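Participant: The following block contains a protein sequence and its predicted model.
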Amino acid sequence: MIFANLEQLPPDPILGVTTAFRADPSPEKIDLGVGVYRDGNGQTPIPAAVREAERAMLAAQRTKTYVGPAGNLEFNQLIVALALGSLAAGLRERTATIQTVGGCGALRLGAELINASQPGAVMHVSDPTWANHEPLLGTSGLAMRRYPYYDPATRGVAFEAMREHFARLPAGSVVLLHGCCHNPTGADLAPDQWRSIGDVIESRGLVPFVDLAYQGFGDDVEADVLGLRILAARAPQLLLAISCSKNFGLYRERTGVLAIVAGSEAAAGAIATHQARTARRMYSMPPDHGAAIVARLLADPDLRSGWLAELGEMVGRMKSLRALLAGRLSARRPDLDFSWVTHHRGMFSLTGLDAAAIHELRERHHVYLPPDGRINIAGVSEANVERVAECLVAVMR
């Protein structure tokens with residue numbers, strides 16, 4: 001039997017939380033682990049502008065033929081321009097762009113290309129980082145190392161340790177950076193810190209690989225890419241993985257892009273051929289539906305304006321929930337500082353709870369967090385915030 005030697009694997013550390021939550025019959029259960037945005041009703045909505053763009057796209061569509069390995073070219077250009085702003089035009093001739101199967105596909109394709117070019121290369125990721133980064137990137141053949149990022153004592157970025165680590169890396173080392181809304185900590189680099197990191201990357205000849213999964217989810221679509229644009233303006237080479245899951249609400253459409261800024265136009269042309277061949281060997285062609293929606297939306301000034309307004313409302317809600325939760329926690333434990341809840345950006349923050357506390361939350365209180373203690377702020381609501389705060393405080397040591 002060809003599969004007889006395969007043993008059942010343990011559940012994914014994050015997806016397993018969702019499975020356990022769904023199996024819990026308690027009417028009081030609360031899921032603070034799943035990495036999706038939720039509105040006040042606990043639903044993950046499709047923005048109205050995205051719905052309208054989809055309707056217009058379907059009405060105009062006349063074929064379902066393949067789009068080619070590079071994907072939807074209009075989408076590629078528009079989504080990269082959203083990320084890079086005015087830099088995009090100047091870098092266009094040096095940029096090789098390919099549509100991918102979500103942001104995960106962009107990350108994996110980038111890792112495959114790095115390993116093909118430099119077998120055994122080392123990818124440096126933040127400590128901590130998104131739970132799927134290391135398995136997703138490392139199984140391409142890259143060696144994985146961690147650099148200091150989060151300081152549990154301050155609940156902020158361990159900036160000096162991070163900078164010193166980068167300053168010791170040999171030229172050509174690849175460093176994976178979260179563009180904004182760091183997952184799982186919620187702690188982001190300040191503008192001056194991005195500039196300082198840019199200095200080190202430029203002087204040491206490092207290669208930044210920016211994972212941009214949450215543009216617009218921290219403050220707004222411009223502020224959230226300040227760091228990326230600092231790096232793009234200075235680093236001779238840069239890899240950029242973009243996801244449209246969160247900001248466009250296109251989770252299940254698996255819509256993403258890998259853009260590689262090369263040292264020259266000739267190098268970009270060569271990279272593009274390898275992007276297409278690698279994609280062809282992995283999944284052949286990307287799906288078009290989500291990309292066609294985003295292209296339609298970004299090309300239409302009215303739809304784009306409406307989408308930005310809706311995105312702003314989502315960000316405002318998350319910031320309001322952060323303030324609400326911080327207030328409820330402080331009221332129960334005035335001896336502790338919960339200001340970090342409001343200082344963090346995006347959907348996530350680390351609670352600092354240990355494995356025993358997380359287990360107690362699940363078994364006794366029916367509140368679900370992943371093993372690293374990450375909390376999804378969008379899982380909090382005006383209706384459950386009192387209970388969330390009560391339960392979190394109950395398990396704090």
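Facilitator: Everything's here; your move. Numbering: from 1, shown residues only.

Participant: quick one: the strands in the stretch 51-200 of the chain?
Facilitator: Using DSSP state E, counting those that start in this stretch, the strands of the stretch 51-200 of the chain run over residues 95-101, 122-127, 143-148, 150-151, 156-157, 174-178.

Participant: Could you export those as TSV, including distance to Gly42?
Facilitator: The C-beta positions use only the backbone N, C-alpha and C, and glycine is treated the same way. Converted to TSV, the strands of the stretch 51-200 of the chain look like this (distance: least, CB to CB, whole Å):
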stretch	distance to Gly42
strand 95-101	28
strand 122-127	30
strand 143-148	35
strand 150-151	29
strand 156-157	30
strand 174-178	26
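
Participant: Kindly reformat those as TSV and extend each row with mean pLDDT.
Facilitator: Below are the strands of the stretch 51-200 of the chain laid out as TSV (pLDDT from 0 to 100):
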stretch	mean pLDDT
strand 95-101	98
strand 122-127	97
strand 143-148	98
strand 150-151	98
strand 156-157	98
strand 174-178	98
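
Participant: To Glu313, which of these lies closest?
Facilitator: With respect to Glu313, and counting by CB to CB, the nearest of the strands of the stretch 51-200 of the chain is strand 174-178 at 23.5 Å.

Participant: mind listing what that closest one pairs with, with the direction of each?
Facilitator: strand 122-127 (parallel), strand 207-212 (parallel) (DSSP bridges).

Participant: relative orientation of it and strand 143-148 in degrees?
Facilitator: Using axes from the mean of the first three to the mean of the last three CA atoms, to 10 degrees, one finds that strand 174-178 and strand 143-148 are set 50 degrees apart in direction.

Participant: Out of the strands paired with strand 174-178, which one sits most buried?
Facilitator: Each of the strands paired with strand 174-178 was scored by mean neighbour count; the highest is strand 207-212, a mean of 25, by mean count of other CB atoms under 10 Å.

Participant: outside of that one, which residues touch it?
Facilitator: In this structure, residues lying in contact with strand 207-212 by CB atoms under 8 Å, 6 or more residues apart in numbering are 83, 103, 107, 110, 114, 123, 130, 133, 172-180, 201, 225, 227-228, 231, 235, 237-243.

Participant: could you redo the last one with a cut-off of 6 Å?
Facilitator: Outside strand 207-212, the residues within contact range by CB atoms under 6 Å, 6 or more residues apart in numbering are 83, 174-179, 201, 228, 231, 235, 237-242.

Participant: for stretch 254-268, same thing?
Facilitator: With CB under 6 Å, 6+ apart, stretch 254-268 has contacts from 76, 79-80, 91, 93-103, 105-106, 109-110, 236-244, 271, 290-291.

Participant: Count the residues that sit near Asn384.
Facilitator: By other CB atoms under 10 Å, the residues close to Asn384 number 16.

Participant: And it, how close does it get to Leu336?
Facilitator: Taking CB to CB, to the nearest Å as the measure, Asn384 falls 21 Å from Leu336.

Participant: Likewise for Ala323?
Facilitator: For Ala323 relative to Leu336 (CB to CB), the value is 16 Å.

Participant: repeat for Gly141
Facilitator: With the distance defined as CB to CB, Gly141 ends up 44 Å from Leu336.

Participant: Tell me which of these two has more neighbours.
Facilitator: Taking other CB under 10 Å, Gly141 and Leu336 do not tie; Gly141 has more neighbours (14 against 11).

Participant: Quick one: residues contacting that one.
Facilitator: Taking CB under 6 Å, 6+ apart, we find Gly141 in contact with Asn115.

Participant: mind redoing it with 10 Å?
Facilitator: Gly141 makes contact with Ala111, Glu112, Ile114, Asn115, Ala116, Pro119, Gly120, Ala121 under the criterion CB atoms under 10 Å, 6 or more residues apart in numbering.

Participant: quick one, what contacts the last one?
Facilitator: By that I understand Ala121. Ala121 is in contact with Ala111, Ile114, Asn115, Ser140, Gly141, Leu142, Ala143, Gly172, Ser173, Val174, Val207, counting by CB under 10 Å, 6+ apart.

Participant: so what pLDDT did it get?
Facilitator: The model reports Ala121 with a pLDDT of 92.

Participant: For it, give me the backbone phi and psi.
Facilitator: Here is the backbone geometry of Ala121 (degrees, to the nearest 10): phi -60, psi 160.

Participant: pLDDT of stretch 333-349, averaged?
Facilitator: Here stretch 333-349 scores 97 as its mean pLDDT.

Participant: Can you show me the CA trace of it as CSV?
Facilitator: The C-alpha trace of stretch 333-349 is given here as CSV (Å, rounded to 0.1, in the frame of the first residue of the first chain):
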residue,chain,number,x,y,z
ARG,A,333,-5.9,44.7,37.1
PRO,A,334,-5.0,48.4,37.7
ASP,A,335,-1.6,47.2,38.9
LEU,A,336,-0.7,46.1,35.3
ASP,A,337,0.1,48.3,32.3
PHE,A,338,-2.1,47.4,29.3
SER,A,339,-1.2,50.4,27.1
TRP,A,340,0.5,47.9,24.7
VAL,A,341,-2.9,46.8,23.6
THR,A,342,-3.5,50.2,22.1
HIS,A,343,0.1,50.8,20.8
HIS,A,344,0.0,47.7,18.6
ARG,A,345,-1.2,47.8,15.0
GLY,A,346,-3.4,45.5,13.0
MET,A,347,-5.4,42.5,14.2
PHE,A,348,-2.9,40.8,16.5
SER,A,349,-1.2,41.2,19.8
